[in-house]
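K.L.:
heads up, no residue letters with this:
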């Protein structure tokens, strides 16, 4: 039996197991299964691999997308540039990291946001998911500024986000877990009333599908997208990596 799975700290919110289990059933893949592996620390990865020798691939979610990098035998060039890994291929006892968040985000953003040459984005959050977003924005030539809870170099804080400032940035991207189940009543602190029909809002959170962030942005007239299509596309890209011949 070929084994695949997801590692993270808390995985109750994850759709990955359902996605792959349904994929295996739909496509008649009878020799594979997908499991959830909650790890108290990223360093438990090696123990997991030793105890599950049939593992051929893992997805990685918060907070381990950056922490697993030094634990791997090799890292794909794109993932190394991004500085975060969300997919691990296991072959012949070695591990290699990839980032398919980049693939999923870039392709879905292009469908939502038409102003790649003249737009400017605010990226809410500075974690592992944000790194894939930054790389995609760079490759699409979209100028952006990051927003952090704590003062940081080349980043704004939420206190800096005035109504006037939001008129400069017409693309808002939430890479934080704010609003994710089981805490759907939270959202980034923004002056939502200052948003307009000319704004676009993308939330990487997909559970719930309409986060409080997206609800507030939509109420102000902004066009919105959640992270569900990104999830499907990054998962499909992960499956291609796991099953590709070495």
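P.N.:
Great, that's in hand. Just so you know, these numbers come straight off a predicted model, no measurement behind them.
K.L.:
so what are the domain limits for this protein?
P.N.:
With domains defined by automatic domain parsing, the chain comprises 2-99, 102-229.
K.L.:
what's the straight distance from one end of the longest one to the other?
P.N.:
Between the start and the finish of domain 102-229 there is a gap of 13 Å, counting by Cα to Cα, to the nearest Å.
K.L.:
Averaged pLDDT, it. What do you get?
P.N.:
Domain 102-229 comes out with an average pLDDT of 95.
K.L.:
In contact with residue 8, which residues are there?
P.N.:
Going by Cβ atoms under 8 Å, 6 or more residues apart in numbering, residue 8 touches 14, 38, 39, 60, 61, 62, 63, 64. C-beta coordinates here come from the backbone N, C-alpha and C atoms, glycine included.
K.L.:
try 7 Å
P.N.:
By Cβ atoms under 7 Å, 6 or more residues apart in numbering, residue 8 lies in contact with 38, 61, 62, 64.
K.L.:
buried subset of those residues?
P.N.:
Buried members of the contacts of residue 8, scored by 16 or more other Cβ atoms under 10 Å, are 61, 62, 64.
K.L.:
and residue 159, helix, strand or coil?
P.N.:
Using DSSP: H, G, I helix; E, B strand; the rest coil, the structure places residue 159 in helix.
K.L.:
What's the local residue count around it?
P.N.:
10 (other Cβ atoms under 10 Å).
K.L.:
partners of the host helix or strand of residue 224, with directions?
P.N.:
In this structure, residue 224 sits in strand 223-225 according to DSSP states H and E. Partners of strand 223-225 in the sheet, by DSSP bridges, are strand 200-203 (parallel).
K.L.:
contacts for whatever helix or strand comes next after the partner strand?
P.N.:
Where DSSP H and E defines the elements, the next helix or strand beyond strand 200-203 is helix 212-219. With contact meaning Cβ under 7 Å, 6+ apart, helix 212-219 is reached by 172, 174, 178-179, 184-188, 192, 195, 199, 201, 203, 224, 226.
K.L.:
residue ranges of the helices in this protein, please?
P.N.:
Secondary structure of the chain (DSSP state H): helices at 16-26, 45-51, 77-82, 101-112, 128-139, 163-166, 212-219, 228-243.
K.L.:
and the fifth one with helix 101-112, angle?
P.N.:
Going by axes from the mean of the first three to the mean of the last three Cα atoms, to 10 degrees, helix 128-139 is angled at 60 degrees with respect to helix 101-112.
K.L.:
Show me what helix 128-139 is packed against.
P.N.:
helix 77-82, helix 101-112, strand 120-124, strand 143-148 (3 or more Cβ pairs under 7 Å, 6 or more residues apart in numbering; DSSP states H and E).
K.L.:
now the last one
P.N.:
Using 3+ Cβ pairs under 7 Å, 6+ apart as the contact test, the elements touching helix 228-243 are strand 55-60, strand 87-91, helix 101-112.
K.L.:
swap the cut-off to 8 Å and go again
P.N.:
helix 16-26, strand 55-60, strand 87-91, helix 101-112 (3 or more Cβ pairs under 8 Å, 6 or more residues apart in numbering; DSSP states H and E).
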